[in-house]
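Colleague: Pasting a predicted model and its sequence here:
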Amino acid sequence: MDRTVLIENPYRPGAGHKPPHFCGRSAEMDHFRRLMRQDFATENVLVTGLRGFGKTVLLQHLRGVGREAGWLWAGNDLSESASISEERLAIRILTDLATAIASQGPEEIGNPPDADGGVDGLAMQTFDALKQVYERTPGLASDRLKAAVLKATSLAHQFKMSGIILAYDEAQCLIDHADRDEYPMSLMVETVAMLQKQDSVVPIMLVLCGLPQVFEALTATRTYTERMFHVMRLERLSRDDTLSAIAYPLAALSPPLYPSKELVYKAAELAGGYPYLIQFFGKELVDQMLRQGGILEPDQFPAPDVMNRLDAGLFSARWNRTTDKQRELLVVAANREGDWAGDFSAQELSQQSNGAFTGPQVSQHLVALCEKGMLYRTRHGRYAFTVPMSEQMIINRITRSEAVDASWQSPLDQSGDIESEAANENLVEEAVVEPARKRSWFAF
């Protein structure tokens, strides 16, 4: 039996997948542990960073810390549909609270659930109880949601929970819609702020996780929002943490794999401290070593098609949503001088384009590219790519496209002699006719 069949690749380059070795976020974890020991919740948490920086993975570890401290963790991934109105967001919160409360045990809430209902039956009854409070309370949506969440704190107290954590990922979807008189983000912030100012049965804390633009949206809702949150801005991992994240899972595969120190260092350099790229290049490294019998020379890694797979998995969906003019501007940004990790301004790109784009044109495109998730605003007038290695993937895309275009711009017979025409005919015969003949036995 082939031994390589029994080896499972430990690296998981996906959205929010738990890595085989978690490291580099000890400061964030320690701060959250301190928050779990507070008697009154006076500080909330915002986890923010670029795509592929490990926000969702950190959120999963914070959930473990919260549960170990006896807090009820209620949350979900936010979506545009759940955040489109105050009513929908309120239903989302009540549903998550009911599910979390019901998962704590079989104790009765209101009438006992059906014998076959189990946790699901208890969750339905808990939701009905919270929804009833929400609907019967007079006032605005914030008043009604506050009353319902206050009821949830009393239920959590019955289960001897230390507090309630409302945790939501993809918080950049949670924005106010002033044009429709809908303010879901303000609703959530105002509800939590009001409950934290009064003596609720158990403390309540809000944990949000999202792209960098979520902080700007938060501070625009209320003047006090900035003081409500401890912001955890996730940056690249250090070189030592990157080496650890790659080396530890590899050590468990040795033997039959024999990665050299130089190979590990090269994978770490390629990853550059980006958590997603650590998992991506780690997986590519293991897969390539398995294909080559467990031994791989550093100059053979990565394989030539690796960047194409990285592009397809991380970048292509956003690129496909852009217009031709926006792509031209992105090429200008990718070829800019200086540090790729740095940000840029509309004026800098206009100058870099040598007159192809005016300042107002660049500004207009930058706003549109932010809306499409390609860029984000780092501060006033400054922008950066949301996906690591975007510049390299853009250059690779343009290089491949230009190579294909060049292949069609030249005629098949460049010399015009008979030998060249014969060679072209042989090429067609070999590539098209022969495979057709080989497949003829399958035809009916």
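Modeller: Received the coordinates, thanks.

Colleague: Would you mind listing where the stretch 251-400 of the chain has pLDDT under the threshold?
Modeller: For the stretch 251-400 of the chain, residues meeting the criterion pLDDT under 70 lie at 338-341.

Colleague: again, only using 90
Modeller: 254-256, 272, 292-294, 303-321, 335-343, 354-355, 359, 370-381, 384-400 (pLDDT under 90).

Colleague: Tell me where it has helices.
Modeller: Under the criterion DSSP state H, counting those that start in this stretch, helices of the stretch 251-400 of the chain are mapped to 261-271, 275-291, 306-314, 316-319, 324-334, 346-352, 359-371, 390-409.

Colleague: Which elements pack onto the longest one?
Modeller: Applying 3 or more Cβ pairs under 8 Å, 6 or more residues apart in numbering; DSSP states H and E, we find helix 390-409 packed against helix 306-314, helix 316-319, helix 324-334. C-betas here are computed from N, CA, C, even on glycine.

Colleague: what about those helices, which gets the closest to Phe127?
Modeller: Nearest of the helices and strands packed on helix 390-409 to Phe127, taken as Cβ to Cβ: helix 316-319 at 34.6 Å.

Colleague: list the buried ones in the closest one?
Modeller: Neighbour counts over helix 316-319 (16 or more other Cβ atoms under 10 Å) mark Arg318, Trp319 as buried.

Colleague: what's that helix in contact with?
Modeller: Residues outside helix 316-319 that contact it (Cβ atoms under 8 Å, 6 or more residues apart in numbering) are Arg327, Leu330, Lys372, Gly373, Met374, Thr386, Val387, Met393, Ile394, Arg397.

Colleague: Using neighbour counts, give me the buried entries of those residues.
Modeller: Those of those that meet the buried threshold are Arg327, Leu330, Gly373, Met374, Thr386, Val387, Met393, Ile394, Arg397, by 16+ other Cβ under 10 Å.

Colleague: any idea how far the closest residue to the fourth one other than its chain neighbours is from Asp77?
Modeller: Of all residues beyond its chain neighbours, the one nearest Met374 is Arg318 (5.1 Å), with distances taken as Cβ to Cβ, 6 or more residues apart in numbering. Taking Cβ to Cβ, to the nearest Å as the criterion, Arg318 is separated from Asp77 by 19 Å.

Colleague: SS state for Ala193?
Modeller: Taken by DSSP: H, G, I helix; E, B strand; the rest coil, the conformation at Ala193 corresponds to helix.

Colleague: And for the closest residue to it other than its chain neighbours, the neighbour number?
Modeller: Counting by Cβ to Cβ, 6+ apart, Ala193 lies nearest to Met228, which is 6.4 Å off, once chain neighbours are set aside. By other Cβ atoms under 10 Å, the residues close to Met228 number 19.

Colleague: ok, Met228 to Gly49 distance?
Modeller: 19 Å.

Colleague: which residues does the residue minimising distance to the centre of the chain contact?
Modeller: The centroid of the chain falls nearest to Arg51 when counting by Cα atoms, centre = their mean (4.5 Å). Arg51 makes contact with Leu211, Tyr276, Leu314, Thr386, Val387, Pro388, according to Cβ under 8 Å, 6+ apart.

Colleague: Including distance to Leu234, could those residues go into a markdown table?
Modeller: Shown next, in a markdown table, are the contacts of Arg51 (distance: Cβ to Cβ, whole Å):
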| residue | distance to Leu234 |
| --- | --- |
| Leu211 | 11 |
| Tyr276 | 12 |
| Leu314 | 17 |
| Thr386 | 13 |
| Val387 | 14 |
| Pro388 | 12 |
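
Colleague: Asn44 - how many residues pack around it?
Modeller: 23.

Colleague: shouldn't it be in contact with Met205?
Modeller: Yes: with contact defined as Cβ atoms under 8 Å, Asn44 reaches Met205; the gap is 5.7 Å.

Colleague: overlap in contacts of these two?
Modeller: With Cβ under 8 Å, 6+ apart, Asn44 and Met205 have common neighbours Val192.

Colleague: Next one: Thr358 from Ser350, what distance?
Modeller: With Cβ to Cβ as the criterion, Thr358 and Ser350 are 6 Å apart.

Colleague: any idea how far Arg222 is from the residue nearest to Ala193?
Modeller: In terms of Cβ to Cβ, Met228 sits 8 Å off from Arg222.

Colleague: which residues do those two both contact?
Modeller: Val189, Ala193.

Colleague: which one is Val119 nearest to, not counting chain neighbours?
Modeller: Ala102 (5.1 Å).

Colleague: Same check on Glu190?
Modeller: Ser142 (4.9 Å).

Colleague: Help me confirm that that neighbour is found in a helix?
Modeller: Yes: applying three-state DSSP, one finds Ser142 inside a helix.

Colleague: and it, what is it in contact with?
Modeller: Contact analysis of Ser142 by Cβ under 8 Å, 6+ apart lists Leu187, Glu190, Thr191, Met194.

Colleague: now do Thr322
Modeller: Applying Cβ under 8 Å, 6+ apart to Thr322 gives the contacts Leu330, Leu369, Lys372, Met374.

Colleague: Closest one of those residues to Ala152?
Modeller: Using Cβ to Cβ, Lys372 comes nearest to Ala152 of the contacts of Thr322, at 37.2 Å.

Colleague: show me where this protein has strands.
Modeller: In the chain, the strands defined using DSSP state E lie at 44-48, 71-77, 163-169, 204-210, 229-233, 375-379, 382-385.

Colleague: Chain neighbours aside, what residue packs nearest to Met205?
Modeller: Ala41 (4.5 Å).

Colleague: ok, Arg379 to Leu208 distance?
Modeller: From Arg379 across to Leu208, the span is 20 Å (Cβ to Cβ).

Colleague: In terms of neighbours, single out the busier of the two.
Modeller: A direct count of neighbours by other Cβ under 10 Å for Arg379 and Leu208 places Leu208 higher, at 28 against 10.

Colleague: who's in contact with that one?
Modeller: Contacts for Leu208 (Cβ under 8 Å, 6+ apart) come out as Asn44, Val45, Leu46, Val47, Ala167, Tyr168, Ala171, Leu174, Val214, Leu218, Phe229.

Colleague: how does it look with 7 Å?
Modeller: Applying Cβ atoms under 7 Å, 6 or more residues apart in numbering, we find Leu208 in contact with Leu46, Tyr168, Ala171, Val214.
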